[in-house]
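Enquirer: Provide a 3D model corresponding to the input given below.
(one chain, ligands or ions: 1)
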Amino acid sequence: MNISVNYSGDYNQLLTSELESKLKAIHKGIHTKSAEGAEYLGWVDWPSTINQEFLEDIKETAKHIRSTSDVLVVIGIGGSYLGSKAVIEALSTPFKKQTDLEVIFAGHLVSGEYLKELITYLDNKEVTLNIISKSGTTTEPAIAFRFLQQYMEKRYGDQATSRIFVTTDEEKGALRSLAIEKGYRRFVVPGNIGGRYSVFTAVGLLPIAAAGYDIEKLINGAKIAEQEFGVFDTKSNSAIQYAVIRNHLYNTGYPVEIMATFDEKLTYVQEWWKQLFGESEGKEGKGIFPASVLYSTDLHSLGQYIQDGKRMLFESFLMVKSVPSDLMVFEAENNGDELNYLSGLSLHEFNMACHEATATAHLDGGVPQLTITIEQLDEQHIGHLLYFYMMACAFSSYLLDINPFDQPGVEDYKTNIFKILKKPGY
Ligand SMILES: O=P(O)(O)OC[C@H]1O[C@](O)(CO)[C@@H](O)[C@@H]1O
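Expert: Residues are numbered from 1 along each chain as shown. Coordinates of the predicted model:
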């Protein structure tokens with residue numbers, strides 16, 4: 001399994017001896033768990049130390065949910081839902097989402113209409129809830145849970161208890177107390193793993209397994225990545241390469257990174273990546289702003305700005321070498337649409353050509369870029385990819401002398417809303 005990073009500039013030239021020593025120190029700090037924010041470095045060796053009993057428990061629970069439910073409603077926001085949503089979307093086929101269990105997300109936004117419609121939608125289906133909140137106090141998912149819990153109790157009576165699963169901190173938080181009081185089955189978010197690094201814990205694994213995907217393979221991909229990126233080699237460690245390139249571009253006048261893909265199934269990988277990098281790096285007046293586009297869609301929208309607008313952007317393509325199914329353009333008798341010149345070309349090949357054309361055009365327009373390529377979209381490759389991004393994010397943040405594992409800025413809006421809504425104590 002391989003993730004390649006191809007840069008439009010000369011990567012080797014960036015590797016000064018000063019940078020090499022800084023990278024070495026960062027690598028050591030991450031792997032000996034002595035870097036700043038070390039108390040949240042639990043994700044680094046989580047894949048290789050994951051307990052088989054825990055995986056079996058998740059698989060059994062998922063099997064039970066699948067056999068008793070048509071829908072699993074996952075309630076969570078930020079890192080408590082983006083990882084599972086990213087993996088499920090990347091593995092699903094466009095129209096037939098899951099064969100026998102549908103995963104629906106709630107609590108990632110506040111909308112009475114959404115919740116009312118959801119409850120109506122659930123009415124003739126068998127339902128299970130999984131509320132996920134590490135802190136157990138986040139307002140948006142708590143609001144959604146209040147409504148959905150009431151719905152479950154009205155609908156299932158005492159049986160509601162066995163249809164509600166809670167994923168939260170082992171020791172603290174309102175959600176933990178509520179789960180104990182009600183007797184809900186609990187899963188733990190490890191204290192040393194923050195929300196945006198938690199996709200390989202119960203936070204991501206339970207919804208992904210319930211959706212019918214192979215979590216052993218997902219973890220296996222992450223394990224391979226853990227081993228691979230555990231080796232300090234600036235020439236072959238692609239997580240380090242990606243971090244070095246983006247740091248160089250940031251330092252040379254490009255504060256915005258646009259991640260571009262040609263596959264709609266990767267939209268939530270992009271959303272997950274935005275939270276990962278944005279919340280990890282955007283502090284102390286520093287950090288690359290992570291944005292995303294989907295091509296060809298956005299070539300007919302934001303493409304104009306990228307080509308010609310203010311020069312502050314660099315672009316990182318996320319490409320997948322092979323696709324699970326494809327179509328080939330056929331020869332039409334009258335060639336009325338004048339597309340016969342494309343006959344014999346597969347649509348995937350069209351996208352590959354479009355990548356080349358776009359990359360060249362944007363580079364000519366002053367947008368430096370890199371291309372990250374993975375072989376295919378399956379559990380193992382996605383596990384590998386997500387770990388790659390987490391490791392690159394840690395390196396990238398430390399290169400900016402930022403602690404990747406806190407998010408003090410998020411508190412400001414929370415304090416304001418509590419004041420506006422007169423929460424006791426504010
Ligand atoms: O899992 P929790 O504690 O509900 O937090 C949800 C999200 O809110 C934040 O704490 C702040 O946005 C994120 O870091 C986190 O992923």
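
Enquirer: tally of neighbours for Glu228?
Expert: Counted by other CB atoms under 10 Å, the residues lying close to Glu228 total 20. In this view, the C-beta of every residue, glycine as well, is placed from N, C-alpha and C.

Enquirer: And the helix or strand where Ala357 lies, what's buried?
Expert: Assigned by DSSP states H and E, Ala357 belongs to helix 347-364. Neighbour counts using 16 or more other CB atoms under 10 Å place 348, 350-351, 355, 358-359, 362 of helix 347-364 among the buried residues.

Enquirer: out of everything not next to it in sequence, what's closest to Lys59?
Expert: Among residues not flanking Lys59 along the chain, Ala209 sits closest, at 5.8 Å (CB to CB, 6 or more residues apart in numbering).

Enquirer: From the ligand, how far off is that neighbour?
Expert: Distance, Ala209 to the ligand, using CB to the nearest ligand atom, to the nearest Å: 19 Å.

Enquirer: One more: Pro141?
Expert: Pro141 is 6 Å from the ligand, by CB to the nearest ligand atom.

Enquirer: Quick check: nearest residue in space to that residue, chain neighbours excluded?
Expert: Nearest-residue entry for Pro141: Gly107, 3.3 Å, with adjacent residues in sequence omitted and distances by CB to CB, 6+ apart.

Enquirer: can you tell me which residues contact that neighbour?
Expert: 75-77, 81, 131, 140-145 (CB atoms under 8 Å, 6 or more residues apart in numbering).

Enquirer: ok so, going back, what distance separates the helix or strand just after the helix holding Ala357 from the centre of its chain?
Expert: Using DSSP H and E, the next helix or strand after helix 347-364 towards the C-terminus is strand 369-374. Taking CA atoms, centre = their mean, to the nearest Å, one finds strand 369-374 lying 17 Å from the centre of the chain it belongs to.

Enquirer: In a helix, Val73, correct?
Expert: No: looking at Val73 with DSSP: H, G, I helix; E, B strand; the rest coil, it is strand, so not inside a helix.

Enquirer: since we're on it, how many residues are nearby?
Expert: 27.

Enquirer: Check the gap between it and Ser322 for me.
Expert: 34 Å (CB to CB, to the nearest Å).

Enquirer: Quick check: which ranges of the stretch 151-300 of the chain have low pLDDT?
Expert: Scanning the stretch 151-300 of the chain for pLDDT under 70 picks out no residues.

Enquirer: residues in contact with the residue of it found nearest the ligand?
Expert: Closest contact between the stretch 151-300 of the chain and the ligand, by CB to the nearest ligand atom, is at Gly195 (2.9 Å). Counting by CB under 8 Å, 6+ apart, Gly195 touches 78-80, 134, 189, 203.

Enquirer: how about the strands in the protein?
Expert: Secondary structure of the chain (DSSP state E): strands located at 4-7, 71-75, 102-106, 127-133, 164-169, 185-189, 256-261, 289-294, 313-320, 369-374.

Enquirer: what's the neighbour count on Gly78?
Expert: Counted with other CB under 10 Å, the neighbours of Gly78 add up to 22.

Enquirer: ok, now how distant is it from the ligand?
Expert: Distance from Gly78 to the ligand, by CB to the nearest ligand atom: 3 Å.

Enquirer: Near the ligand, which residues of the stretch 301-426 of the chain are found?
Expert: Contacts of the stretch 301-426 of the chain with the ligand, taken as CB under 6 Å from any ligand atom, map to 407, 410.

Enquirer: from the stretch 301-426 of the chain, which residue is nearest to the ligand?
Expert: Proximity of the stretch 301-426 of the chain to the ligand (CB to the nearest ligand atom) peaks at Val410, 4.0 Å away.

Enquirer: Look up the closest residue to that residue, ignoring the ones flanking it.
Expert: Glu279 (7.3 Å).

Enquirer: Could you verify my assumption that the one you found touches Gln407?
Expert: Yes: the pair Glu279 / Gln407 is scored as a contact, 4.8 Å apart, by CB atoms under 8 Å.

Enquirer: ok, the two, which is more surrounded?
Expert: Applying other CB under 10 Å to Glu279 and Gln407 shows that Glu279 carries more neighbours, namely 23 against 19.

Enquirer: Kindly check the end-to-end length of stretch 322-337 for me.
Expert: Stretch 322-337 has its terminal residues 28 Å apart, counting by CA to CA, to the nearest Å.

Enquirer: again but with stretch 196-211, I slipped
Expert: One end of stretch 196-211 sits 20 Å from the other (CA to CA).

Enquirer: near the ligand, which residues of the stretch 51-200 of the chain show up?
Expert: Counting by CB under 6 Å from any ligand atom, the stretch 51-200 of the chain sits next to the ligand at 77-80, 133-135, 138, 141, 195-196.

Enquirer: Show only the entries of these found in helices.
Expert: Pro141 (DSSP state H).

Enquirer: Who wins on neighbours among the residues of the stretch 51-200 of the chain next to the ligand?
Expert: Per-residue neighbour counts (other CB under 10 Å) across these peak at Ser133, which has 30 neighbours.
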